[in-house]
Each structure stands twice: as C-alpha cells, then as structure tokens.
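J.: one predicted model, sequence on top.
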Amino acid sequence: MRLLLDTAVFIFAAEAPERFSKRAASFLANPENTLELSAVSVAEIAIKSSRGKLAFSHESVRETVGDIQARLLPFTAAHASQLFSLPSHHKDPFDRQIISQALAEGIAVVTPDESFRLYAGVKVIW
C-alpha cells in the first residue's frame, strides 16, 4: 500500500516517533507499504526552517528520507488541478496540496490532522 506522509508525521519520524499512534506506527513499520513524502512537505520544511519555525536542515530531510526509506512524490500539474475542486475545509495551503495529491494519486495519508477526514475520498491513517 502506498502511504503519503503528512509533514508532521515526517517530522515525528525524525524527532519523536513515540508520537505516532499505534495504528500509524504499525502501518509505517510494515515493509509491504511504500512510504512517500510530498515535495510539498520538503518545501514546507524549508520555508519554516528559513523563518526559524523549525530546526531542520536540508541534510536532515535527506537523512530522514533515507532512514525511513521514503520516496519523494513530485507535485504535478494533475495534483495542482485537483485543488480547483477541493472544498475549503482546511485553510493550510501545504495541507491542501497534500490532500490534492492523495486524491489525485488515490493513496492514503498518514496524519494526526483530523481536518483531512473532512475530504470525501481521502483515506486517513492515524
């Protein structure tokens, strides 16, 4: 199963894996699942790091991607097009892009953010 990691989940993986729910930890540890990190999450981390809101370097992102054996998922025009029909349940533009990717790709999102559940068709694992 392909699993798209929310930015918070990626940060938890690097800094505080004990924050995972038991269910999420089980899915993340299953070697049959493919973990994916959105390019949107990398941009979010970079922007927040440059503003002093996160202490995460480019090297930290690369190391964590390798440690958890995640694939990077590019943000494509098809993903962006999905935003046109996305209801505005969630105001965070980064999360909206991750939601649009999950819908366009037909993959589940691992996130503690309850707002993701408001979107029809988004399977949330937490």
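T.: Arrived safely. Computed from a predicted structure; not experimentally measured.
J.: quick one, helices of the chain?
T.: Counting by DSSP state H, the segments of the chain that form helices are 7-15, 22-29, 39-50, 58-67, 77-82, 93-105.
J.: the ones you listed: which one's closest to P112?
T.: helix 7-15 (6.4 Å; Cβ to Cβ). Placement of C-beta: from N, CA and C, glycine included.
J.: buried ones in the closest one?
T.: For helix 7-15, burial by neighbour count (16 or more other Cβ atoms under 10 Å) applies to T7, A8, V9, F10, I11, F12, A13, A14.
J.: do stretch 41-49 as well
T.: Neighbour-count burial for stretch 41-49, counted by 16+ other Cβ under 10 Å, picks out S41, V42, E44, I45, K48, S49.
J.: R117: which of the residues you listed is nearest?
T.: Minimum distance to R117 across these is 19.1 Å, recorded for S41 (Cβ to Cβ).
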